[in-house]
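Trainee: The sequence isn't on hand, but the structure is:
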């Protein structure tokens, strides 16, 4: 399990049988679909910190290898709680996912309101939001197309071809004799994503990021 530690706040908890007072640590968890999603979210979190964001609780980024359905989120939250010896207090949960499979009618979008209620029922989650990557996380990366082309070592005049963000990304990588995988390419795509202008991407995706940033308490220009 991977996580990014921002900072922590501890709340008072009931006394133990031995008379010692335990502490509960407030946790926010961001569930993401795959490697590319995780890398982009981490870049965003780093950017927020660079711009002065100060978070009082700990933030975990948890990969679910596909749309973060309730079963996958439940498994992840249980694991986090076990790792923290039952001292985790889940303050907020955010689900990040690509919208292409729903826009194209390949899948039916989950009932997020029911999932929100289940998270509150089983884990006491106070806040919940969805971060919809329109129409894919690759589309976000292409918001800095110029930087992407340079990062791949391609000529600046390179034309980007493809009907979707995923197709365009795959075609660009092939021009550099590389294969692109959003789910199994952490080591390969990280150096590329690290070179992207995250401020440009955030500016292009402000509407999509509004609820996400509100949930995390991000207040930056």
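Mentor: Now that the structure is in, tell me what you want to look at. Computed from a predicted structure; not experimentally measured. Residues are numbered from 1 along each chain as shown.

Trainee: Pairing partners for the host helix or strand of residue 60, with directions?
Mentor: Assessed by DSSP states H and E, residue 60 sits inside strand 58-63. Here strand 58-63 has these sheet partners by DSSP bridges: strand 3-4 (antiparallel), strand 21-32 (parallel).

Trainee: Lowest mean pLDDT across those, which one is that?
Mentor: Mean pLDDT is lowest for strand 3-4 among the strands paired with strand 58-63, at a mean of 42.

Trainee: sorry, back to before: mind putting the strands paired with strand 58-63 into JSON lines with distance to residue 177 and mean neighbour count?
Mentor: To be clear about C-beta, it is placed using only N, CA and C from the backbone, and glycine gets the same treatment. Converted to JSON lines, these look like this (distance: least, Cβ to Cβ, whole Å; neighbours: other Cβ atoms under 10 Å):
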{"stretch": "strand 3-4", "distance to residue 177": "32", "mean neighbour count": "16"}
{"stretch": "strand 21-32", "distance to residue 177": "28", "mean neighbour count": "20"}
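
Trainee: What is the longest helix seen in the chain packed up against?
Mentor: Criterion DSSP state H: the longest helix present in the chain is helix 35-50. Packing partners of helix 35-50 (3 or more Cβ pairs under 8 Å, 6 or more residues apart in numbering; DSSP states H and E): strand 21-32, strand 58-63, strand 88-98, helix 137-141, helix 186-193, helix 198-204, helix 206-216.

Trainee: among these, which is the most enclosed?
Mentor: Among the helices and strands packed on helix 35-50, ranked by average contacts under mean count of other Cβ atoms under 10 Å, first place goes to helix 137-141 (a mean of 25).

Trainee: How far away from the center of its chain is that one?
Mentor: 13 Å (Cα atoms, centre = their mean, to the nearest Å).

Trainee: Now render the strands paired with strand 58-63 as CSV, adding distance to residue 68.
Mentor: Output for the strands paired with strand 58-63, formatted as CSV (distance: least, Cβ to Cβ, whole Å):
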stretch, distance to residue 68
strand 3-4, 15
strand 21-32, 4
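
Trainee: between those, which one is nearest to residue 148?
Mentor: Residue 148 lies closest, by Cβ to Cβ, to one member of the strands paired with strand 58-63: strand 21-32, at 19.8 Å.

Trainee: For residue 47, which of the strands paired with strand 58-63 is the nearest?
Mentor: strand 3-4 (12.1 Å).

Trainee: for the protein, where's the lowest mean pLDDT among helices and strands?
Mentor: strand 10-15 (a mean of 39; mean pLDDT, DSSP states H and E).

Trainee: Domains in this structure, by residue range?
Mentor: 3-136+205-216, 138-193 (automatic domain parsing).

Trainee: Dump those to CSV, plus distance to residue 199.
Mentor: Supplementary listing: the domains of the chain in CSV, determined by distance: least, Cβ to Cβ, whole Å:
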stretch, distance to residue 199
domain 3-136+205-216, 7
domain 138-193, 9
